[in-house]
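Peer 1: dropping a prediction and its sequence here:
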Amino acid sequence: MMEWKNIKEQLIVFLKDEVKKAGLQRVTVGLSGGLDSAIVAILSKEAFGANMSCVLMPSHYSSEGSVSHALEICKKFDIDYEIVEIAPMVEAHEKFMNGDKLRIGNFSARMRMSVLYDVSARDKSLVVGTSNKSEILLGYGTIFGDVACAINPIGEMYKSDEYEFGKFLGVPESILGKRPSADLWEGQSDEDELGYSYKQMDEVLKKLVDEGVSTDELKSNGVDKELIDMINYRMKANAFKGKLPTIAKIKWS
């Protein structure tokens with residue numbers, strides 16, 4: 001049984017310390033109506049009170065619950081928010097993307113992050129990230145999009161563990177019970193795209209990453225070979241997303 005009270009306290013201390021180190025007092029959170037951003041918004045509200053705000057950034061592809069569930073969080077936890085429609089930004093470039101869902105989704109994620117960083121510049125705040133450990137390890141996110149941030153309180157928390165944490169924090173059932181989605185296009189689902197549930201993937205990730213169990217050992221124990229191979233491939237292929245840009249070393253003499 002996780003000690004969620006202790007974990008919550010650790011994350012609040014982390015948020016306060018990192019914002020103080022930056023010489024700032026405020027934070028900005030992009031609120032999508034999903035579980036990840038709901039948890040981060042609740043933690044940020046407890047850490048900073050009135051010195052935090054959320055930005056809701058729906059597009060013409062957003063699901064119905066995207067805004068309504070985000071507003072539910074803001075109302076329940078008395079969080080200040082603003083709504084910035086990104087549809088005009090996406091539509092201005094969409095004609096060049098030939099209907100490619102992945103390109104449109106990535107572009108939408110980058111438009112949202114551009115808005116968040118502009119708001120943070122206006123408010124002299126830090127952008128708080130909302131990517132969980134499962135997404136980070138699998139590279140399931142848009143580089144310079146939703147994975148961009150100044151600080152991230154949930155980057156060491158697996159997606160499947162967030163549901164219990166969310167219940168502890170008081171996240172509404174309307175959010176806890178919905179299918180995980182980056183809301184990049186209509187009907188988009190994380191687990192449909194990845195081919196497995198987060199529970200299935202997290203069980204393997206915990207063995208591989210946290211416990212150091214080898215791929216061969218997992219396979220010999222009857223774990224789905226295709227699941228293991230998919231996870232190993234994604235971790236290797238997307239590792240670049242978690243690194244700073246590689247800068248050339250120059251010998252000046």
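Peer 2: On my side now, so go ahead.
Peer 1: quick one: the helices in the stretch 1-150 of the chain, in order.
Peer 2: 4-21, 35-48, 64-77, 87-94, 101-123, 133-138 (DSSP state H, counting those that start in this stretch).
Peer 1: report the angle between the axes of whatever helix or strand comes next after the last one and helix 4-21?
Peer 2: Helices and strands here follow DSSP states H and E; after helix 133-138, the next one along the chain is helix 159-169. Our comparison of helix 159-169 with helix 4-21, counting by axes from the mean of the first three to the mean of the last three Cα atoms, to 10 degrees, yields an angle of 90 degrees.
Peer 1: and helix 159-169, what does it pack against?
Peer 2: Taking 3 or more Cβ pairs under 8 Å, 6 or more residues apart in numbering; DSSP states H and E as contact, the helices and strands that helix 159-169 lies on are helix 4-21, helix 35-48, helix 133-138, helix 173-176, helix 198-205. All C-beta atoms are positioned from the backbone trio N, CA, C, and that covers glycine.
Peer 1: turn those helices into CSV, including distance to residue 117.
Peer 2: Shown next, in CSV, are these (distance: least, Cβ to Cβ, whole Å):
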stretch, distance to residue 117
helix 4-21, 16
helix 35-48, 16
helix 133-138, 20
helix 173-176, 25
helix 198-205, 28
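Peer 1: now those in a markdown table, with mean neighbour count?
Peer 2: A markdown table is the format used below for the helices and strands packed on helix 159-169 (neighbours: other Cβ atoms under 10 Å):
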| stretch | mean neighbour count |
| --- | --- |
| helix 4-21 | 15 |
| helix 35-48 | 24 |
| helix 133-138 | 22 |
| helix 173-176 | 14 |
| helix 198-205 | 20 |
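Peer 1: wait, which of those helices is closest to residue 156?
Peer 2: helix 133-138 (5.5 Å; Cβ to Cβ).
Peer 1: now what about the closest one, what contacts it?
Peer 2: With Cβ atoms under 8 Å, 6 or more residues apart in numbering as the test, helix 133-138 has contacts from 140-141, 147, 154-160, 194, 198, 201-202, 205, 209, 231, 234-235, 238, 242.
Peer 1: CA atoms only for that helix, dumped as PDB, please.
Peer 2: Coordinates of each C-alpha in helix 133-138 appear next as PDB, following Å, rounded to 0.1, in the frame of the first residue of the first chain:
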ATOM      1  CA  LYS A 133       6.800   7.900 -15.800                       C
ATOM      2  CA  SER A 134       5.100   5.500 -18.200                       C
ATOM      3  CA  GLU A 135       4.800   8.100 -20.900                       C
ATOM      4  CA  ILE A 136       8.300   9.300 -20.400                       C
ATOM      5  CA  LEU A 137       9.900   5.800 -20.600                       C
ATOM      6  CA  LEU A 138       7.800   4.800 -23.600                       C
END
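Peer 1: any idea how far residue 51 lies from residue 33?
Peer 2: Distance, residue 51 to residue 33, using Cβ to Cβ, to the nearest Å: 23 Å.
Peer 1: can you list the helices and strands packed on helix 159-169 in a markdown table and add distance to residue 124 and mean pLDDT?
Peer 2: Shown next, in a markdown table, are those (distance: least, Cβ to Cβ, whole Å; pLDDT from 0 to 100):
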| stretch | distance to residue 124 | mean pLDDT |
| --- | --- | --- |
| helix 4-21 | 11 | 98 |
| helix 35-48 | 13 | 98 |
| helix 133-138 | 27 | 96 |
| helix 173-176 | 30 | 96 |
| helix 198-205 | 36 | 96 |
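Peer 1: cheers, nothing more for now.
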